[in-house]
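Engineer: no sequence on hand, only this structure:
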């Protein structure tokens, strides 16, 4: 499978990465090189094989659903580009 | 004592306990060496005040005879590990000003055991690369050069700052991370030792995430023993990482010197690639001979799905990366580029903040997870991952204790030499290491010889899950047989 320029733009939008017109042909070439490389996986017979979902066999640990941490909003928002009264501030979302 | 930076970590530890030197003197010696080595670009942040304060505390404890396991040991920290109050960037522009309000579990355990932080080490952006050339801080120069040449070489990647700093004697040891080979390949390129432990052995909490089912923390240091000492402090269960293994941590150092007599070592025939350089093949044969001389039994084994590991990795890793890196949106932390609306803000922020390789991988990951392609790419790759893991299980079921392979397909290459047009050219560097991440197994790279141009070459030993001890015993046999690595003279100072 290979991608055309329209698909490159669509993927970029899905990934929320702005691309310029000049970048599109380069990205198309690079993405197609990677897709051509992974193409060989099609020759493997995977009938009846379960996809890996856990790297090492282990039971997921569980704990009581209770608050164990927190109470430091100052630190949480400390690295945010724009905040107000411990809220993250973003451009207007709803008109 | 003479130059303190020449000591191995174990030698420094013993000298400190005997009070032949002080933690402060060691920290000062490394801080001075780091300043002179700035042209190598191994450190992206030096933390001298912190280093000296921690060293002073260590000296007090040493004076009271209350030394902890790593008391006064001066370390570098890969800039992927969150360090409280100390800038942590993952070598990305998008985190250029990020100062964590918390400490990663692994580094907190190092400080708990008395280690001293010298600074933060360069790496490929978000650990995506095999040469340290994708870093927003620019490439790291290896302290190694080809005989009779001044050409700048890469220290490997993604833990290139870690491997360069250890080889250039800018720390006693360093933390690193390995998603597809990022500890073992840089160790092999720089004549140092690096272990990627079993998936789950070390907590991933507080380490900037790349591909969560593959990422694992580990050390790079000058000797096998130094690795064993560091791993004991780094490993252990952490309730904050649900994939961390709730198993006791052995005294890894005790495994060093343990007899390897009667162990079965597998040589996988699929790793004998067409076009493999003769010197890599000769190194591999030499490693097998050393282990045989030590009493191990060498057997040929088969890992039939080896050739599919790298292509499957280039689906799984980008897919997980595209999800993990969705958090860099210009809202909660990191860079923000203004936009007309929130979507344009996201898109401009991520275009400006991510470098070319990261953008490429996020886009590949987005594509293979997108509607209509998920089964054909992602699910198929995860099935192949099951087959790769099964290959190893079959070999271990035959009584094989560990598997010996080359660590890399070549010695270090020059800065700017690879991956210009075709990204896959760079990816092929991880051909021998990536299978280990796909199967979640432990792997260690140990120096075993030199190339015809005088550059270090390494071998890799792959172990059974949670049996890092056997890897330490076996790799020390190779280390002893190969002889101590003569690190390069400080041409940069």
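Structural biologist: Yep, that arrived. Predicted, not measured: the structure shown is a model, and the values here were computed from it.

Engineer: name the nearest residue to the spatially most central residue of chain B, sequence neighbours excluded.
Structural biologist: What sits nearest the mean C-alpha location of chain B, by Cα atoms, centre = their mean, is residue B:183, with 2.0 Å. Leaving aside its sequence neighbours, residue B:183 sits nearest to residue B:194 (Cβ to Cβ, 6 or more residues apart in numbering or on different chains; 4.1 Å). From N, CA and C alone the C-beta is placed, and that goes for glycine too.

Engineer: and the residue nearest to the centre of chain B, what are its phi and psi?
Structural biologist: With angles defined as degrees, to the nearest 10, residue B:183 sits at phi -100, psi -50.

Engineer: ok, back up a step: quickly list what the residue nearest to residue B:183 is bridged to.
Structural biologist: Beta-bridge partners for residue B:194, by DSSP bridges, are residue B:220, residue B:445.

Engineer: ok, now which ones touch it?
Structural biologist: B:159, B:163, B:176, B:178, B:183-184, B:186-187, B:218-221, B:227, B:444-445 (Cβ atoms under 8 Å, 6 or more residues apart in numbering or on different chains).

Engineer: between the residues you listed, which sits nearest chain A?
Structural biologist: residue B:178 (13.4 Å; Cβ to the nearest Cβ).

Engineer: chain neighbours aside, what residue packs nearest to the closest one?
Structural biologist: Nearest to residue B:178 is residue B:196, by Cβ to Cβ, 6+ apart, at 3.8 Å.

Engineer: measure residue A:75 to residue A:83 for me?
Structural biologist: Distance, residue A:75 to residue A:83, using Cβ to Cβ, to the nearest Å: 12 Å.

Engineer: cool, and residue B:387?
Structural biologist: 49 Å.

Engineer: can you map out the helices along the stretch 251-400 of chain B?
Structural biologist: Using DSSP state H, counting those that start in this stretch, the helices found in the stretch 251-400 of chain B span residues B:278-293, B:309-324, B:342-353, B:356-369, B:380-397.

Engineer: for the next helix or strand after the last one, which outside residues touch it?
Structural biologist: Following helix B:380-397 in sequence order, the next helix or strand is strand B:402-406 (DSSP states H and E). Contacts made with strand B:402-406 from outside it, assessed by Cβ under 8 Å, 6+ apart, are listed as B:263, B:265-268, B:271, B:276, B:280, B:283-284, B:287-288, B:291, B:298, B:301, B:303, B:392, B:395, B:432, B:457-464, B:470-471, B:474.

Engineer: buried only: go through those for me.
Structural biologist: B:263, B:265-268, B:271, B:280, B:283-284, B:287-288, B:291, B:298, B:301, B:303, B:392, B:395, B:432, B:457-464, B:470-471, B:474 (16 or more other Cβ atoms under 10 Å in any protein chain shown).

Engineer: show me the shaky parts of the chain.
Structural biologist: Using chain A here. Along chain A, the model assigns pLDDT under 70 to residues A:95.

Engineer: chain B is the one I meant
Structural biologist: B:1-2.

Engineer: how close does the closest residue to residue B:347 other than its chain neighbours get to residue B:353?
Structural biologist: Spatial nearest neighbour of residue B:347, excluding adjacent residues (Cβ to Cβ, 6+ apart): residue A:18 at 3.9 Å. Distance of residue A:18 to residue B:353, computed by Cβ to Cβ: 11 Å.

Engineer: and for residue B:207?
Structural biologist: Using Cβ to Cβ, residue B:207 is found at 19 Å from residue B:353.

Engineer: over to residue B:253?
Structural biologist: In terms of Cβ to Cβ, residue B:253 sits 42 Å off from residue B:353.

Engineer: pick out whichever of the two has more residues nearby.
Structural biologist: Taking other Cβ atoms under 10 Å in any protein chain shown, residue B:253 and residue B:353 do not tie; residue B:353 has more neighbours (25 against 19).

Engineer: which residues does stretch B:479-491 contact?
Structural biologist: B:33, B:36-37, B:143-145, B:167-169, B:191-193, B:222-224, B:290, B:293-294, B:446-449, B:456.

Engineer: meant to ask about stretch A:58-72
Structural biologist: B:101, B:200, B:239, B:242, B:243, B:245, B:246.

Engineer: recalculate using a threshold of 10 Å.
Structural biologist: A:54, A:76, A:78, B:101-102, B:199-200, B:237, B:239-247 (Cβ atoms under 10 Å, 6 or more residues apart in numbering or on different chains).

Engineer: in helices only, show me these.
Structural biologist: residue A:76 (DSSP state H).

Engineer: now the buried members of the contacts of stretch A:58-72.
Structural biologist: Buried among the contacts of stretch A:58-72 (16+ other Cβ under 10 Å): A:76, B:199, B:200, B:237, B:241, B:243, B:244, B:245.

Engineer: residue B:237 versus the spatially closest residue to the third one that is not a sequence neighbour, what's the distance?
Structural biologist: The one in question is residue B:200. Spatial nearest neighbour of residue B:200, excluding adjacent residues (Cβ to Cβ, 6+ apart): residue B:245 at 3.8 Å. According to Cβ to Cβ, residue B:245 stands 6 Å off from residue B:237.

Engineer: hey, what's in contact with both of the two?
Structural biologist: Joint contacts of residue B:245 and residue B:237 (Cβ under 10 Å, 6+ apart) are B:200, B:201, B:202, B:203.

Engineer: and those residues, which is closest to chain A?
Structural biologist: For the shared contacts of residue B:245 and residue B:237, the nearest to chain A is residue B:200 (5.1 Å; Cβ to the nearest Cβ).

Engineer: could you pull up the residues touching the closest one?
Structural biologist: A:54-56, A:58, B:216, B:235, B:237, B:241-247, B:440, B:465-466.

Engineer: break chain B into its domains for me.
Structural biologist: Here the domain parsing of chain B from automatic domain parsing is B:4-262+B:403-482, B:307-380.

Engineer: can you redo the ones you listed as TSV with distance to residue A:32?
Structural biologist: Converted to TSV, the domains of chain B look like this (distance: least, Cβ to Cβ, whole Å):
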stretch	distance to residue A:32
domain B:4-262+B:403-482	10
domain B:307-380	11
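
Engineer: so which of these gets nearest residue A:13?
Structural biologist: domain B:307-380 (7.5 Å; Cβ to Cβ).

Engineer: can I get the helices of the stretch 251-400 of chain B in a markdown table with distance to residue A:34?
Structural biologist: Below are those laid out as a markdown table (distance: least, Cβ to Cβ, whole Å):
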| stretch | distance to residue A:34 |
| --- | --- |
| helix B:278-293 | 26 |
| helix B:309-324 | 6 |
| helix B:342-353 | 19 |
| helix B:356-369 | 6 |
| helix B:380-397 | 13 |
